[in-house]
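# quick one, fold the following:
(4 chains)
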There are 2 protein chains.
Amino acid sequence: MNISEASKKFGLSADTLRYYEKIGLMPAVTRKPGGSRDYGEEEFGWVEFVKLMRGAGVEVEALTRYVRLFQEGPATAGQRKQILIEQRAKMAARISEMNASLDRLDMKIAHYETSVAAHEESLAPASPSRFRGNSAGKATV
Amino acid sequence: MNISEASKKFGLSADTLRYYEKIGLMPAVTRKPGGSRDYGEEEFGWVEFVKLMRGAGVEVEALTRYVRLFQEGPATAGQRKQILIEQRAKMAARISEMNASLDRLDMKIAHYETSVAAHEESLAPASPSRFRGNSAGKATV
DNA sequence: TCTTGACTTGGAGTTGACTCCAGATGCTAT
DNA sequence: ATAGCATCTGGAGTCAACTCCAAGTCAAGA
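As a prediction, this is how the structure comes out:
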């Protein structure tokens, strides 16, 4: 499969695909006799992996480290596994942070819902009222 | 509270705090007589909100739009709520994507765990074996 | 009063992640 | 064999989000 087909398959530009390879996010793609890249199952796996991990916020550095180890051979399996475990922990942490943010956002939306508050500080832990001039309880925003 | 204290409080550099204000991620911070910024409860709420939302991947554009509406006054509450609802949906989507990635990562780690596979293609839907020269089932990586 | 240190501004520089470009090369069809 | 198209490469350009810098202002202490 040539690069433009792979590009469509993954929704990544050909340039991005070449870029991933260039910076070592995946090993060098096998080539056709003419010199053009030939994406097959192996590279599909890598592209999908990179896309997934990058999309989930895994650092480029961790992935290039992983690729380097992969290219060094089977002896590095343990180190590679450690990288994955490390990154899994970070990913889980990011997810719970995001869940917390989602909860806060829901609270903020709820303020707009009840139309009572809708003060910006609704997200702050302690929120003394701004806009002192208003009659108590009247929505300012 | 001056900018360096606020910087410590939020773990953001003074430059970043000024930058947020400059690009309209939050309204202008109130000033002390001398002209230096004076962060109080209101700005704490904004900084926390911005930090939380940006950290969860909410686009800068959505936040600046929100701030602009906020500054236009109470009449825009409905539009602001819509922005929050919109962004909530996107955030929820990102979270479930990340959960899917986490599952895939767990599968990949499991492969290293059983030490049977550990092939890179373990993440691809269909994964014919690479390294054809090997005896079947032998871990190559 | 002078120095020191934190603050101010506008603007330049940096980094990461692409994205685009020019010029060269290689298949394919006429 | 010549045109047309996709691909290749190295390198330059772009964009967001900071990050740093220079030059100036301000308040407080020696």
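# does the one helix or strand A:Asp103 maps to come close to chain B?
With elements taken from DSSP states H and E, the one containing A:Asp103 is helix A:77-114. Yes: Helix A:77-114 comes into contact with chain B (C-beta under 8 Å from any C-beta of the partner chain), by way of A:77, A:80-81, A:84-85, A:87-88, A:91-92, A:94-95, A:97-102, A:104-106, A:108-109, A:112-113. C-betas here are computed from N, CA, C, even on glycine.
# and that helix, what does it pack onto?
helix A:60-72, helix B:41-55, helix B:77-114 (3 or more C-beta pairs under 8 Å, 6 or more residues apart in numbering or on different chains; DSSP states H and E).
# which of the ones you listed sits closest to DNA strand D?
helix B:41-55 (5.5 Å; C-beta to the nearest atom of the strand).
# in chain A, what residue lies closest to DNA strand C?
A:Gly34 (2.9 Å).
# which strand or helix spans that residue?
Counting by DSSP H and E, A:Gly34 is found in no helix or strand.
# repeat that for A:Tyr20.
helix A:14-22.
# how about that helix: buried residues?
For helix A:14-22, burial by neighbour count (16 or more other C-beta atoms under 10 Å in any protein chain shown) applies to A:Leu17, A:Tyr20, A:Glu21.
# need the pLDDT of the second one.
At A:Tyr20 the predicted local distance difference test score is 94.
# same check on A:Glu113?
84.
# which one of the buried residues of helix A:14-22 sits closest to B:Gly11?
A:Tyr20 (31.6 Å; C-beta to C-beta).
# show me how chain A divides into domains.
Per the record, chain A has its domains at A:1-55, A:59-122, by automatic domain parsing.
# nearest approach to B:Phe49 belongs to which of those domains?
domain A:59-122 (7.1 Å).
# which helix or strand contains the closest residue to A:Thr16 other than its chain neighbours?
Distance criterion C-beta to C-beta, 6 or more residues apart in numbering or on different chains; nearest residue to A:Thr16, sequence neighbours excluded, is A:Ser7 at 8.0 Å. Using DSSP H and E, A:Ser7 sits within helix A:3-10.
# which of the residues in that helix are buried?
Buried residues in helix A:3-10 (16+ other C-beta under 10 Å): A:Ile3, A:Ala6, A:Ser7, A:Phe10.
# from the residues you listed, pick the one nearest chain B.
Nearest to chain B among the buried residues of helix A:3-10 is A:Phe10, at 11.8 Å by C-beta to the nearest C-beta.
# show me which residues of chain A are close to DNA strand D?
Within reach of DNA strand D by C-beta under 7 Å from any atom of the strand, chain A has these residues: A:Asn2, A:Ile3, A:Ser4, A:Glu5, A:Ala14, A:Arg18, A:Arg31, A:Gly35, A:Ser36, A:Arg37.
# ok, back up a step: so which of the buried residues of helix A:3-10 comes closest to B:Leu69?
Once C-beta to C-beta is applied, the member of the buried residues of helix A:3-10 that ends up nearest B:Leu69 is A:Phe10, at 37.2 Å.
# next, work out how far apart the closest residue to that closest one other than its chain neighbours and B:Gly11 are.
Leaving aside its sequence neighbours, A:Phe10 sits nearest to A:Val47 (C-beta to C-beta, 6+ apart; 5.4 Å). A:Val47 is 35 Å from B:Gly11, where distance means C-beta to C-beta, to the nearest Å.
# those two: which has the busier surroundings?
Comparing A:Val47 with B:Gly11 by neighbour count (other C-beta atoms under 10 Å in any protein chain shown), the higher total belongs to A:Val47, at 25 against 8.
# was I right to think that one contacts A:Thr16?
No: A:Val47 lies out of contact with A:Thr16 (C-beta atoms under 8 Å); the separation is 9.8 Å.
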